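>>> quick one, what's the 3D model for this:
(one chain, ligands or ions: 2)
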Amino acid sequence: MISIIIPTYNEEENVGQLIAEIDAVLANDNIEAEVIFVDDGSTDGSWQKIIDMAANDDRIRGVRFRRNFGKAAALSAGIAKARGDIIITMDADLQDNPKEIPHLLAKIDEGYDVVSGWKKIRHDPWHKVMPSRIFNWFIGKICGPPLHDHNCGLKCYKAEALREVTLYGELHRFITVLTYMRGFRVTEIPVEHRPRIHGTSKYGVKRFLKGLLDLITVRFLTGYGQRPQHAFGAVGSIAFVFGLAGMIYLAVLWLTGVRPIGTRPILMYSVVALLFGAQLASVGILAELFTSYNMSAGTARFYSISDEID
Ligand code: UDP
Ligand code: MG
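Ligands and ions are numbered 1, 2, ... in the order given. Okay, the predicted model is just below:
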């Protein structure tokens, strides 16, 4: 069975048609599925629509948040509720076409763990498309996987891959990265993208900056999450060595009678470098302490197992 998870925030005009389209695809391809709507604190009639649809169709399930918690939280709640071995996520706004579901499933059958939609021809305003291009290119360069489109709402997963990543904040943009970094096989296929007809987009240009900041977080978490001191300590030591070299140089000058040294700019640089280095190293130790507690609590599994023999 597959689970289709649909984060929904003020999409009352869209959910009805969406379920009709999904239903047609499922019937046509004989796919057994459940559809989970996660109402992310809608203030319009979305939840009532979901209740009505669920009353007529027992494949439809729903979760409703007390207020708006964001798409990452909505996806998390849907994943927790899902009973299928394969999970599909799609937006509620009809921009994703349910006709792509069989194509996504075919890729999973080929052995991939994560199949991301690629909005090859996008129907969004340029001020969303441009930043998004840069963002996607950046991700490919910084941590991979090298996909064209990381932030497509339409994606398909083996449930086990999705269960290993924790989505919070706005990390839903990085599911491809987070799963890839855990060793899952991630790929993409071009999918149809349609213009939004009803309702409004919930994300503006602001998300570009947030996305870049999150990219730093994700890069750090996936690269140094288990060994923060390697990042802090490395930069700290370099600064410290420069500072120390400056100080030794000044000491030699002093001892050989080249005085005064108190007004030399290099004195200032060296002191700052020493302090900066020491500061970074101690932040690194704190981060290590935190990591060590986290690891011994055993809540985070930092490795990922694909097969086992008992
Ligand atoms: N969404 C959500 N919570 C939010 C914002 C958006 O569940 O806080 C849902 C929204 O209803 C839609 C999907 O996430 O189904 C994508 O949102 P939107 O279409 O506004 O994003 P865009 O396509 O403009 O990037
Ligand atoms: Mg949309």
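
>>> show me how far stretch 41-49 is from its chain's centre.
Offset of stretch 41-49 from its chain centre (CA atoms, centre = their mean, to the nearest Å): 26 Å.

>>> which element is Ser116 on?
strand 114-119 (DSSP states H and E).

>>> that strand: how far from the chain's middle?
14 Å.

>>> the stretch 201-310 of the chain against ligand 1: which residues are in contact?
Residues of the stretch 201-310 of the chain lying close to ligand 1 by CB under 6 Å from any ligand atom are Ser201, Lys202, Tyr203. All C-beta atoms are positioned from the backbone trio N, CA, C, and that covers glycine.

>>> mind redoing it with 8 Å?
Residues of the stretch 201-310 of the chain that fall close to ligand 1, judged by CB under 8 Å from any ligand atom: Ser201, Lys202, Tyr203, Arg207.

>>> tell me the one among those residues nearest to ligand 2.
Closest to ligand 2 out of those is Ser201 (5.7 Å), distances taken as CB to the ion.

>>> which one (most neighbours) among the residues of the stretch 201-310 of the chain next to ligand 1?
Arg207 (18 neighbours; other CB atoms under 10 Å).

>>> next up, the contacts around that residue.
Residues in contact with Arg207, defined by CB atoms under 8 Å, 6 or more residues apart in numbering, are Glu170.

>>> going forward can the numbers begin at 99, since that is how I track them
Will do, 99 is the new start, and the previous item becomes Arg305.

>>> in helices, which of the residues of the stretch 299-408 of the chain next to ligand 1 appear?
Counting by DSSP state H, these place Arg305 in helices.

>>> kindly indicate which of the residues of the stretch 299-408 of the chain next to ligand 1 lies nearest Ile232.
Taking CB to CB as the measure, Ile232 lies nearest Arg305 of those, at 12.6 Å.

>>> state the distance from that closest one to Asp127.
34 Å (CB to CB, to the nearest Å).

>>> kindly report the same for Asp155.
17 Å.

>>> with Ile102 instead?
13 Å.

>>> now do the shared contacts for those two.
Ile199.

>>> tell me which of those two has more neighbours.
Applying other CB under 10 Å to Ile102 and Asp127 shows that Ile102 carries more neighbours, namely 28 against 12.

>>> close to ligand 2, is the host helix or strand of the more buried one?
In the assignment (DSSP H and E), Ile102 maps to strand 100-106. No: figure legend: strand 100-106 not in contact with ligand 2 (CB under 5 Å from the ion); closest approach 10.5 Å.

>>> what lines up beside that strand in the sheet?
If you go by DSSP bridges, strand 100-106 pairs up with strand 131-137 (parallel), strand 184-187 (parallel).

>>> so which of those is nearest ligand 1?
In terms of CB to the nearest ligand atom, the element of the strands paired with strand 100-106 nearest to ligand 1 is strand 131-137, at 6.8 Å.

>>> avg pLDDT for the helix or strand that the closest one is followed by?
Next along the chain after strand 131-137, taking DSSP H and E as the criterion, comes helix 144-154. Per-residue pLDDT values across helix 144-154 average out to 97.
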